[in-house]
Structure formats: structure tokens, C-alpha cells
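In: any chance you could fold what I've pasted below:
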Amino acid sequence: MPTISTTTLPNGSRVELSTGDVPRNGTYDLVAKLLDAKGVLVRTITVDTASNSDGSTAPPRSESFANVSVVGLSNGGFAVAYDGTVVNPPGGSNVAEIRLYDATGVASGSKAIGTSTGGEPFPPQGAPQLAAAADGGVVAVVGVSGGMSVVQVLSAAGATEGSKTYEGRPAAVYDAGLTGQVVVTLTHGRFGEPLATPVREVLTHSMTLVSSTPLTDTRGSDAGEVLTGGANADRLFGLGGDDTLKGGASFDTLTGGPGRDKFVFTVDGSVDQAADFDAAQDSLALVDASGAPLNSATGVLTFWRGSGALTYDPDGDLGPAAAQTVAVLPGVKTLTEANLAPGFEPGVLRIYNPITPAQAGQSPGTRSDLTFGYGKENYVSASADYSVTGVLLTYGVNFKDGTSSMRWFDTTDAQTWDGLVADYDAQGRLAIYATYDDDGSHVLWRYDANSSQNWQRIVEHFDAQGRITSRDVVYDDNSRYEAIYDVAGTQPWGYAVDTYNAAGVRTARTLYNDDGSVIS
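Out: Okay, the predicted model is just below:
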């Protein structure tokens, strides 16, 4: 089947769209293949079926799929949008189709929006465009006849939450994250003529108007500029790189252009769109309504990978303040410490992942909580990874001296151990490894990672009371000794030492008795 497109979703899955050969007489399918992050096929989906006839056995009919696109959804699923055009001479019709699927590729809803009046020789296509919404649905923009456009908000089940018709096609539309709002930018009329007063509308998901603000464009003329928005809805355009773009008091769109740029978002209830934020080189910061930098040791900055929404909670999970959506970063996969502008030091950078096919039906997704030393602590960064249900799975720390430590937790009690710990030297070599078992005992491995000792490794076993029960030392020449400790007090000796040569043959046994005597 000819491949139309391949789209990687925020959860790492991949959707491949294709069609069969187009017959003169008969049907052919629009097919989507969903593959997980490892490339394993999850499901093959027949999205739609078209039918053609050359008139030899049935009335002439030509049906086609056009303007096909895929967008990942915040709930781990995806949506397919396309135009379905049917021509039955002398006229025809077109319908913009939107099909929604969950994380496993099971259909969850659909919507059909007619774009023609019927009977046109060349029915107008809707060229549907989709933007992911924070609630798992989509915001759809579809052109209809007469130069008009429809903006609809669809739930994850395909139900229409709201709809509004505009003259002309909006220049941009985005979902404003946790606010439950949609932002629509209008710059041209139904025949493509520029509007005398371009505006940016903010609407609820039911498409009830919240505000309509005049639009102001500000364009840079050189590199290294500071572009600042005002009271209007602003569109700021950087030019040569190293620009700072500061949104004002309204819902603004910030476009940095080529080069390394800084995006500054105001926490005032408005939600800006960073149209071209490049996580590989751009940075961001937050300011309050007065323009003062926000630096709270308890502040949690959360990036929702499924929708691109960026939220901020000034007093963290336990404080009374609610998280606010401050920006939307379309197309951004994740954020790291490098994306925090110098001086902006939130207590936690939280990354929420959309669910995978294996996690279908769960919410809200796995997450990673990242903290940073900002040059003030003895560590560079620390990370805690949580399951979909919020259970701690792993914890890792990277220290200033280049060493690191990692811990794994068996919180579901699926293993015989309760926790694992691994410490690494500055070159990334394993130095210490420990297992903590369900019965309270633990085992400690130490490795001579830098070859500074005459031994390769030392393994020590401890009982539930923390008493050493055995020690095994392996030397560089592969000879070793094993010491066994009588912690239960059932033997006449305190500990026994067995010595082995490089071939593994025991060459000696020494008993260190309770009375102080030694027997070899």
C-alpha cells in the first residue's frame, strides 16, 4: 500500500497511514497502522473505505481521500482528519472527516463536517486541521463553502462540545490547557482580504466568547532584541536569534525565529503560545503580573507532553494555590534543565507522559519529577519516576563530582526484593550495587572500578538485623576467599574463612573460634 504519512505520537508510538491501489471499479481503504515505541504492531485500522465506478456497470463515481493528517492526543490516543470527496457527474460533495482513537487504536469517536452545498462540479474541500486539547479531545478547523470556516471542539468520544462559524479561515487556533479555553486568531476575511482590525478571541470549549482583543504585530529587526507585548493580544516575531520575547497581559503568540531565543511567560491567567519553541536550544522563564521573576523553592513547573501545555503551581503539590496554564508549546517533546533560563529556578520540573498502548484506560500517565542544584548544592540533578497511579518507581541523583546513584523500588511487590541501589563513578562505571530483599536482608557488591585495589569485587550478605553473614572477596588473579559468620551463635567458631585458588579449588579453611583460638 502506498504510504501517505508516518507520524510519531508524544507517547513514542507511531501511526502509518496508507491507501490501497485506486481501482477504476471497486473499493479501496484508508488504513492506519499503530506501532508501539519499539515498532511492534499494535493494531491495523481501516479508517474509511472509498468506492469508484467508471460507469460500465454502475453510475459513474469517483471517491478520494485528501488533506490527510494525524495528531497525537493528550490521553495517548490519536486523531485522523481528512477530506472525503465524492464526484457523481455532473456534481459532487465533500465531507471533512475526523476519526478519534484511544491509545490502543480502538475507535473512540468520529465527526463528519460537510464542506459543500452539494452538486458542485468541483466540491470545495475543508482541509481540516486539528489541535490536541488537554482533555483528550481536539479542536478542529474546517473550511466550508462560501469562504467560511467552522471551529469545533470535540471530546475524546467525538461529541461536539462547541462550534462557531467564521468568515475566512482563522490564522491560528490552539487549546489553552487546563483553562478549558480555545484561542482563535482572525486576520483575514472570507475572500482572503486582510481584516481592518485583526483580533484574537478567547472562547470556552462550548465556544462561548470570553474576550475579543485587537491584535498587534511586533517584528524584530536584528539579533539580540527584547520584544515585549502590551495590553493587546500580541504576535511577537524575533529575527536573528538571541532574542527575548515577553508576552504581555493578553493571550500572545511568540515566534523566536532562527537561533537561540528566550521566551518569557506571564503568570496572570492568560496563556501564550510559543509557536516555534526549540527544546534543543531555546529557554523559558516565568514572571508575575508586575513583571517580577518567579523563583519559588516550592514551585512546580509541569510540562504535559500529550498536549504541549505548560502549567505552574507556585506552592507545589501541598499548597492551597492551584496550578495555572501559562503557555502552550506545540510540537515540543520534553523539557530539561537546559530549557530553564538563567535565574529561573523552579523547585521541580515535572514531565507528564501520555499513556502508552500498554497503559490504555489509565490516567493521567507516568511522570518524572526533576530537581536541580543550580550550582548551589552538592548535586547537579535528581529525578524521581512515578507510575500511572503515582507510585514511586525509581530515584536517581547526579552529583557535582560526576558520580551518580540510582535506586529502584518494587512498590507492587512483584519481585523478591524491595529495592535496588546502584552507584557509579565519574566515568559511569558501576562501583556499588545493593539489593534489599523483602525479608529485610540485603546484599552489597563493591567493585574496584578504577583498578586501584588488589581485588576485583567484594560481596557481603547481611541479615534482617543488619548483621553480616558472609563476605566474598575476589582478587585480581581470580583467587578468592569467603568468610562465613555465625551470627546465630550455633557454632563453636565466630567465623570461618575458606580460601580458593584461581581455578575455584578450595586450598584452605581457617576457623576463628569463640574462645579466641584459630584452627587452620
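In: tell me the confidence at the nearest residue to Gly319 once chain neighbours are set aside?
Out: Leaving aside its sequence neighbours, Gly319 sits nearest to Thr298 (Cβ to Cβ, 6 or more residues apart in numbering; 6.6 Å). The C-beta positions use only the backbone N, C-alpha and C, and glycine is treated the same way. Here, the pLDDT recorded for Thr298 equals 90.
In: again with Met1
Out: We have a pLDDT of 62 for Met1.
In: same question, Gly118
Out: Reported pLDDT for Gly118: 78.
In: for it, helix, strand, or coil?
Out: Following DSSP: H, G, I helix; E, B strand; the rest coil, we place Gly118 in the coil state.
In: next, count neighbours for it.
Out: For Gly118, the neighbour count with other Cβ atoms under 10 Å is 11.
In: ok, it - contacts?
Out: By Cβ atoms under 8 Å, 6 or more residues apart in numbering, Gly118 lies in contact with Gly91, Ser93.
In: re earlier: separation between the residue nearest to Gly319 and Val348?
Out: Distance of Thr298 to Val348, given as Cβ to Cβ, to the nearest Å: 8 Å.
In: need the residues touching each of the two.
Out: Residues touching both Thr298 and Val348 (Cβ under 8 Å, 6+ apart) are Gly316.
In: neighbour-wise, which of those two wins?
Out: Val348 (20 against 15).
In: you'd agree Val150 is up against Ile113?
Out: Yes - using Cβ atoms under 8 Å, Val150 is in contact with Ile113, at 6.1 Å.
In: residue boundaries of the helices in the stretch 351-500 of the chain?
Out: Here the stretch 351-500 of the chain has no helices by DSSP state H, counting those that start in this stretch.
In: how about the strands in it?
Out: In the stretch 351-500 of the chain, the strands defined using DSSP state E, counting those that start in this stretch lie at 367-372, 379-386, 392-399, 404-409, 417-424, 430-437, 442-447, 455-462, 468-475, 480-485, 493-500.
In: let's have those in TSV, adding mean pLDDT.
Out: Formatted as TSV, these follow (pLDDT from 0 to 100):
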stretch	mean pLDDT
strand 367-372	96
strand 379-386	97
strand 392-399	97
strand 404-409	98
strand 417-424	97
strand 430-437	98
strand 442-447	98
strand 455-462	98
strand 468-475	98
strand 480-485	97
strand 493-500	96
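In: will you turn these into TSV that also has mean neighbour count and distance to Asp288?
Out: Compiled in TSV, the strands of the stretch 351-500 of the chain are given as follows (neighbours: other Cβ atoms under 10 Å; distance: least, Cβ to Cβ, whole Å):
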stretch	mean neighbour count	distance to Asp288
strand 367-372	19	21
strand 379-386	18	26
strand 392-399	17	31
strand 404-409	18	36
strand 417-424	17	40
strand 430-437	17	45
strand 442-447	18	48
strand 455-462	17	52
strand 468-475	17	56
strand 480-485	18	61
strand 493-500	16	65
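In: could those be laid out in JSON lines, adding distance to Gly306?
Out: As requested, these are exported to JSON lines (distance: least, Cβ to Cβ, whole Å):
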{"stretch": "strand 367-372", "distance to Gly306": "12"}
{"stretch": "strand 379-386", "distance to Gly306": "16"}
{"stretch": "strand 392-399", "distance to Gly306": "20"}
{"stretch": "strand 404-409", "distance to Gly306": "25"}
{"stretch": "strand 417-424", "distance to Gly306": "30"}
{"stretch": "strand 430-437", "distance to Gly306": "35"}
{"stretch": "strand 442-447", "distance to Gly306": "39"}
{"stretch": "strand 455-462", "distance to Gly306": "44"}
{"stretch": "strand 468-475", "distance to Gly306": "49"}
{"stretch": "strand 480-485", "distance to Gly306": "52"}
{"stretch": "strand 493-500", "distance to Gly306": "56"}
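In: which parts of stretch 170-187 are buried?
Out: 170-187 (16 or more other Cβ atoms under 10 Å).
In: do stretch 115-135 as well
Out: Using 16+ other Cβ under 10 Å as the test for burial, stretch 115-135 gives 115-116, 123-135.
In: roughly how far does Trp408 sit from Asp439?
Out: On the measure of Cβ to Cβ, Trp408 and Asp439 end up 18 Å apart.
In: typo on my end, it should be Asp477
Out: Applying Cβ to Cβ, the value for Asp477 to Asp439 is 35 Å.
In: rewinding a little: state the pair within the buried residues of stretch 115-135 that is farthest apart.
Out: The most widely separated members of these, counting by Cβ to Cβ, are Pro123 and Ala134 (34.1 Å).
In: isn't Pro258 right up against Gly241?
Out: Yes - look at Pro258 against Gly241 with Cβ under 8 Å: they come within range, at 5.7 Å.
In: between these two, who's got more neighbours?
Out: Set side by side, Pro258 and Gly241 show more neighbours around Gly241, with 17 against 13, by other Cβ under 10 Å.
In: in contact with Ile458, which residues?
Out: Ile458 sits in contact with Trp445, Arg446, Arg471, Asp472, Val473, Val474, where contact means Cβ under 8 Å, 6+ apart.
In: which one of those residues is nearest to Glu482?
Out: Proximity of the contacts of Ile458 to Glu482 (Cβ to Cβ) peaks at Asp472, which lies at 4.8 Å.
In: can you list the weak-confidence ranges in this structure?
Out: By pLDDT under 70, the low-scoring segments of the chain are 1.
In: tell me the domain ranges of it?
Out: For the chain, automatic domain parsing gives the domain ranges 1-169, 177-365.
In: pull the distance from the last one to the chain's centre.
Out: Right, domain 177-365. From the chain centre to the centre of domain 177-365 is a distance of 16 Å (Cα atoms, centre = their mean, to the nearest Å).
In: was I right to think Asp36 contacts Thr356?
Out: Yes - between Asp36 and Thr356 there is a contact at 6.7 Å, judged by Cβ under 8 Å.
In: higher neighbour count, those two?
Out: Taking neighbours as other Cβ under 10 Å, Asp36 and Thr356 compare with Thr356 leading, 21 against 17.
In: isn't the more buried one up against Arg14?
Out: No - applying Cβ under 8 Å, one finds Thr356 not in contact with Arg14, separated by 11.9 Å.
In: next, show the common contact partners of the two.
Out: Residues touching both Thr356 and Arg14 (Cβ under 8 Å, 6+ apart) are Ala37.
In: count of residues packed around Arg509?
Out: 12.
In: swap in Thr7?
Out: By the measure other Cβ under 10 Å, the count of residues near Thr7 is 16.
In: kindly report the same for the one 10 residues further on.
Out: Here the count is done by other Cβ under 10 Å, and Leu17 has 23 residues near it.
In: may I ask which helix or strand encompasses it?
Out: Using DSSP states H and E, Leu17 falls within strand 14-19.
In: name the strands paired with that strand and say parallel or antiparallel.
Out: Its sheet considered, strand 14-19 pairs with strand 3-8 (antiparallel), strand 26-35 (antiparallel) by DSSP bridges.
In: please work out which residues outside that strand touch it.
Out: The contact list for strand 14-19 (Cβ under 8 Å, 6+ apart) reads 1-9, 28-35, 37, 39, 47, 65, 68, 70, 78, 80.
In: let's see the PyMOL selection covering just the buried ones among those residues.
Out: Only the buried entries of the contacts of strand 14-19 go into this PyMOL selection, using 16+ other Cβ under 10 Å:
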select buried, resi 4+7+9+28+29+30+31+32+33+34+35+47+65+68+70+78+80
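In: and the gap between the residue nearest the centre of the chain and Asp272?
Out: Geometric centre of the chain, nearest residue: Arg305, 2.9 Å, by Cα atoms, centre = their mean. Distance, Arg305 to Asp272, by Cβ to Cβ: 18 Å.
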